[in-house]
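1. Just need the structure, nothing else, for what follows:
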Amino acid sequence: MTRPTMPVPRPLRGPGPGFRRAPLGIAAATAVAVGAAILGPAPASAAPEPVVTRAALDPALVAGRGAAVPFLEQEAEHASTNGDVIGPDRTAYTLEAEASGRSAVRLDPGEHVEFVLPEAANAITVRYSIPDAPGGGGITAPLEVAVGGGEPAVMPLTSEYSWLYNQYPFTNDPDAGLLHPDWWITECGCVPGEGYEVDAPFRPMHFYDEQRMLLGATFPAGSVVRLTAPEGTDAAWTVIDLLDSELVAPPAAQPADSVSVVRFGADPDGVRDSAPAFRTAIRWAQRHGVEVFIPVGRFRVSEHLVVDDVTIRGAGNWHSIVFGEEVALKKPAADGSVHTGVGFYGRDAADGGSSNVHLSDFAIRGDVRERIDTDQVNGIGGAMSDSTIERLHIEHTKVGLWFDGPMDGVVVRDNVIVDQIADGLNFHTGVSDSVAEGNFVRNTGDDGLAMWSEGVANAGNTFARNTVQTPTLANGIAIYGGADTTVEGNLVADPIREGSALHAGSRFGAEPFAGSLEFTDNTTVRAGTYELNWNIGLGAIWLYALDRSIDQADIRITGDHYLDNTYNAIMLVSDWPVKDQVSISDVHFADVRVDGTGTSVVSARVAGSASFENVDARNVGAVGINNCGTFHFTPAGSEFSIVDLGGNDSTGVNTTGPWLAPWQLPNTITCDDRPPVIAPPAPSAW
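-> Got it, this is the predicted structure:
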C-alpha cells in the first residue's frame, strides 16, 4: 500500500535548524482578555445564517446524547472563506482525516474564514493545525481574530504539541527511520528488517491543537468572527477545523469559607513558582476545615500537588489557570517516570490512597510534547475515593485523568479534556462504583475514555452522556475487562485509526468480563475505521477476544445508533494466532439503528454467537453479515452463529437486499475478507 501524502502542496516555511522552542507563555497562552482591540460595529445584516452542528452533524440526529456543553460548534467547511475546503477524506495520516467531520479549511497567508455567531458570545475556541518545524519541535504563528468588523487581535498558534511520527510510541523527529524494524508494517506488507528504509516523514499524525480566547466584550448573535492567516506568518498554511463560541460567566467570587492561594504567596501573573504556596494553602485548609480557592490568574506549578481530604475550587476554568513546564528528573522515579509536571494527584493506592477530594472550576495546562508511557505527567492522577472532579479544562498533559486503584466512588463530571498525548481518562486497576458523565473529550492520542482492569478487576462503573471526538489512535470509549459496566448515552465521532468508537476487549492483561456489560443509547458517527495492522475495516462497535474468550458476561447492546460507518457497524473478532482458542458469545443486540456502512452491518471473524432483535439498517454497502468465523470454512458452516429474534428490518437502499436475510442464518459462510467499500450517503432523520 502506498503511504498517503499530506495535503500540503507547498513546502513548509518556518525556522531553520537552529529553531528554539518559544517560551511557555505562547504555548500555554490563556484566555486573558486580549479582545479589547477587537470591538467593532454591529454586524452587517447580509451575513449568512450560521450552521451549528454537534460532532459535525445536525444536532437533531444526536439529541439527548453526549455531553451538554456550554458552547456551540461551527465547522469551518460550512463557513464563508476565500481559502480552500479540504476533504472529506478518511485516509489516515492526512489533515482531512483528523478534522472533525473529516473536512476543514486551509488558509494560505492573507486568506480568511468567517463564522457568524449563532448566539451572543464573549469567548471562542479555535481548532487548527499549522506545519511542524522542518526538523520537528513545532513553530509558532499568529492568527488574526476580528469580530464585528473591528480591528483584529492576535491569537497565538503553535504546533509544539502536535506532529508525532512513526510507530508506537512515536517520535517528534520527522526524519527518523523505523522505530521497530522487526514489526510488520502495511506499507510494504512485510517485516522490513534493519535494511529497510521508509520514506520520511513516516506516518505523520496528531496534527491539531486548539486555542481559547476571551473576546473582551459580549457580541450579539449575527456578529461575524473573521479568522485570518496574516501575510508574513511563518506558517506556510493554516488549517481551521472549527470554531466553538461561548458566553462565559464572570469569574466566581471567593467562597466565604475558603482560603486563597494568593494569601500564601501564589503569583497570579505566572512568573514565580506557585507550587510552595499551593502546598501551604492545602495543608492550612486541611487543618482548618475550609476550601482552597484559586482566584483569577495564571499560576505556574511544575510538579505534582498531592491532594487528600481537601476541596480546591477556582473562579471558573476560563479564569483560573494552573500551568507548568514539564521538568526532567535528575534520576528516574520509582514508578519509572523521567519527568514531572503540573498535576493534582491522590496518594498511591499502596499507601492508602486519598479520599474526599473535590476539584472544580479551574484549568490545568501541561507541557507534554512526547509520549513516554512510564511518565506520570497527567492532569489528575493517583487514587481518589469518594471524590469529585468537576468543570475542569485539561489540556497538553499526557492523560487528562489517570486513576490507579484500587479505589471507589469517584465522579468525573462536566469537564473539558483536550489535546492529550495519550488517553483522556482511564479507570485503571480496581476502580469501582465510579462515574464519568457529561465530559467533553477531543483530540486524544489514545482512548478517549477507558476502563482497564489490569491485574485487578474494575466493577460497577459507568460512562454516561460524554462526547468523545477525534481520538487519533485507538478508541473513543474502550472497556478492557471488568464486571457490571455501563456505557450509556454517549456520542463518539471520528476515531482515526487502530481503533473505533466503542470497544470491549480481552487484551492488555485485563481481567475477564463478568456480570453485565451494557452499551445503551449511544451514537457513533464516521466510525468503523481502518485497522492498519490487520489491513481490514473495524466496526463502530467492536468486541475483540485476544487474551481469553469473552463468554462470562451478559453483554447487551441496546438502543445504539451507528451512523455513517466507514466500514462495518458491528464487528466481533479474534486475532489469527488465537482464533482457534478463543470465542465471543452471549452478546445481544436490540433496538439498534444503522444508517450507512461502507461494508457490512455485522462482520464476524471469531467463533461464538450473537442475537439480534429490532436492529434496523439502511444504506448498507456490502452483504449485511460478513461471516468468516474462524476461517476454517467447514461444511457445517461458520463457527459463528447469528440468532434472529425478529424485527430486524432493512430500509432505504442496501447493496445486497435485506441486511439479515433467512439464507444467512444461523451460520452461513458469507466471508469476503476485504470487501470493496461503498461510501454511504450522509445520515438523515430515521
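
2. Need the phi and psi values for the closest residue to residue 496 other than its chain neighbours.
-> Once flanking residues are discounted, residue 496 sits nearest to residue 472: 4.8 Å by C-beta to C-beta, 6 or more residues apart in numbering. Any C-beta I mention is one placed from the backbone N, CA and C, and that applies to glycine too. The phi/psi pair for residue 472 (degrees, to the nearest 10) reads phi -80, psi -20.

3. What are the neighbouring residues in contact with residue 472?
-> Residues in contact with residue 472 (C-beta atoms under 8 Å, 6 or more residues apart in numbering) are 98, 205-206, 443-445, 496-497.

4. Can you add neighbour count and secondary structure and give the residues you listed back as CSV?
-> Formatted as CSV, the contacts of residue 472 follow (neighbours: other C-beta atoms under 10 Å; DSSP: H, G, I helix; E, B strand; the rest coil):
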residue, neighbour count, secondary structure
98, 26, coil
205, 21, strand
206, 23, coil
443, 27, coil
444, 30, coil
445, 23, coil
496, 26, coil
497, 23, coil
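
5. Give me the pLDDT for the residue nearest to residue 496.
-> Note on residue 472: pLDDT of 98.

6. Could you shift the numbering so residue one becomes 553, and keep it that way?
-> Got it, first residue is 553 now, which makes that one residue 1024.

7. And the strands in the stretch 553-702 of the chain?
-> 623-627, 632-633, 636-638, 656-659, 664-668, 673-681, 692-699 (DSSP state E, counting those that start in this stretch).

8. Out of those strands, flag the one nearest residue 1142.
-> strand 623-627 (31.1 Å; C-beta to C-beta).

9. how close does residue 1029 sit to residue 1100?
-> 21 Å (C-beta to C-beta, to the nearest Å).

10. So, low pLDDT: which residues of the stretch 553-702 of the chain?
-> Scanning the stretch 553-702 of the chain for pLDDT under 70 picks out 553-599.

11. ugh, wrong one, the chain
-> Where the chain drops to pLDDT under 70, the residues are 553-599.

12. all helices of it, in order?
-> Using DSSP state H, the helices of the chain run over 576-579, 827-840.

13. and those helices as JSON lines, adding mean neighbour count?
-> Supplementary listing: those in JSON lines, determined by neighbours: other C-beta atoms under 10 Å:
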{"stretch": "helix 576-579", "mean neighbour count": "17"}
{"stretch": "helix 827-840", "mean neighbour count": "17"}
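
14. Format those helices as a markdown table; extra columns: distance to residue 912.
-> Below are the helices of the chain laid out as a markdown table (distance: least, C-beta to C-beta, whole Å):
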| stretch | distance to residue 912 |
| --- | --- |
| helix 576-579 | 25 |
| helix 827-840 | 14 |
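
15. For residue 1064, which of these is the nearest?
-> Across these, residue 1064 has its closest neighbour in helix 827-840 (39.8 Å, C-beta to C-beta).

16. helices or strands next to that closest one in the packing?
-> strand 810-812, strand 843-846, strand 856-858, strand 862-866 (3 or more C-beta pairs under 8 Å, 6 or more residues apart in numbering; DSSP states H and E).

17. So for residue 941, which of those strands sits nearest?
-> Of the helices and strands packed on helix 827-840, nearest to residue 941 by C-beta to C-beta is strand 862-866, at 10.4 Å.

18. picking that back up, quick one, which of the helices of the chain is nearest to residue 874?
-> helix 827-840 (8.0 Å).

19. Check what contacts that closest one and list those residues.
-> Contacts for helix 827-840 (C-beta under 8 Å, 6+ apart): 810-819, 843-844, 851-855, 857, 859-864.

20. any idea how far it is from the chain center?
-> Relative to its chain's centre, helix 827-840 lies at 34 Å (C-alpha atoms, centre = their mean, to the nearest Å).

21. quick one, it and strand 862-866 angle?
-> 130 degrees (axes from the mean of the first three to the mean of the last three C-alpha atoms, to 10 degrees).

22. returning to that earlier point: neighbour count winner among residue 1029 and residue 1100?
-> residue 1029 (30 against 18; other C-beta atoms under 10 Å).

23. I'd like to know the beta-bridge partner residues of that one.
-> Residue 1029 has these beta-bridge partners by DSSP bridges: residue 1001, residue 1054.

24. ok, it to residue 1104 distance?
-> Taking C-beta to C-beta, one finds residue 1029 at 21 Å from residue 1104.

25. swap in residue 859?
-> Residue 859 sits 37 Å away from residue 1104, going by C-beta to C-beta.

26. For the closest residue to residue 829 other than its chain neighbours, which residues are in contact?
-> Leaving aside its sequence neighbours, residue 829 sits nearest to residue 818 (C-beta to C-beta, 6+ apart; 3.8 Å). When contacts are counted by C-beta under 8 Å, 6+ apart, residue 818 touches 812, 826, 829-830, 833, 849, 851.

27. gap between the two ends of stretch 838-847?
-> Using C-alpha to C-alpha, to the nearest Å, one end of stretch 838-847 lies 19 Å from the other.

28. re earlier: which pair of the contacts of residue 818 spans the longest distance?
-> Of all pairs drawn from the contacts of residue 818, the one with the longest distance (C-beta to C-beta) is 833 and 849, at 13.7 Å.

29. which residues touch stretch 629-647?
-> So stretch 629-647 is contacted by 555-556, 558-560, 600, 603, 605, 648-649, 651, 653-660, 663-668, 681, 755-757, 759, 791-792, 795, 1048-1049, 1078, 1081-1082, 1084, 1118 (C-beta under 8 Å, 6+ apart).

30. Return the alpha-carbon coordinates of it using CSV.
-> The C-alpha trace of stretch 629-647 is given here as CSV (Å, rounded to 0.1, in the frame of the first residue of the first chain):
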residue,chain,number,x,y,z
GLU,A,629,-16.2,23.9,5.9
HIS,A,630,-19.7,25.4,6.4
ALA,A,631,-18.4,29.0,6.9
SER,A,632,-17.5,31.7,4.4
THR,A,633,-13.9,31.6,3.2
ASN,A,634,-11.6,32.6,0.4
GLY,A,635,-9.4,29.7,1.3
ASP,A,636,-9.7,26.1,0.2
VAL,A,637,-12.0,23.4,1.7
ILE,A,638,-10.0,20.2,2.2
GLY,A,639,-11.7,16.8,2.4
PRO,A,640,-13.8,15.0,3.2
ASP,A,641,-11.3,12.1,3.4
ARG,A,642,-10.8,9.3,6.0
THR,A,643,-7.4,8.2,4.9
ALA,A,644,-5.1,8.0,8.0
TYR,A,645,-2.2,10.4,8.2
THR,A,646,-4.0,13.3,6.5
LEU,A,647,-5.2,16.6,7.8
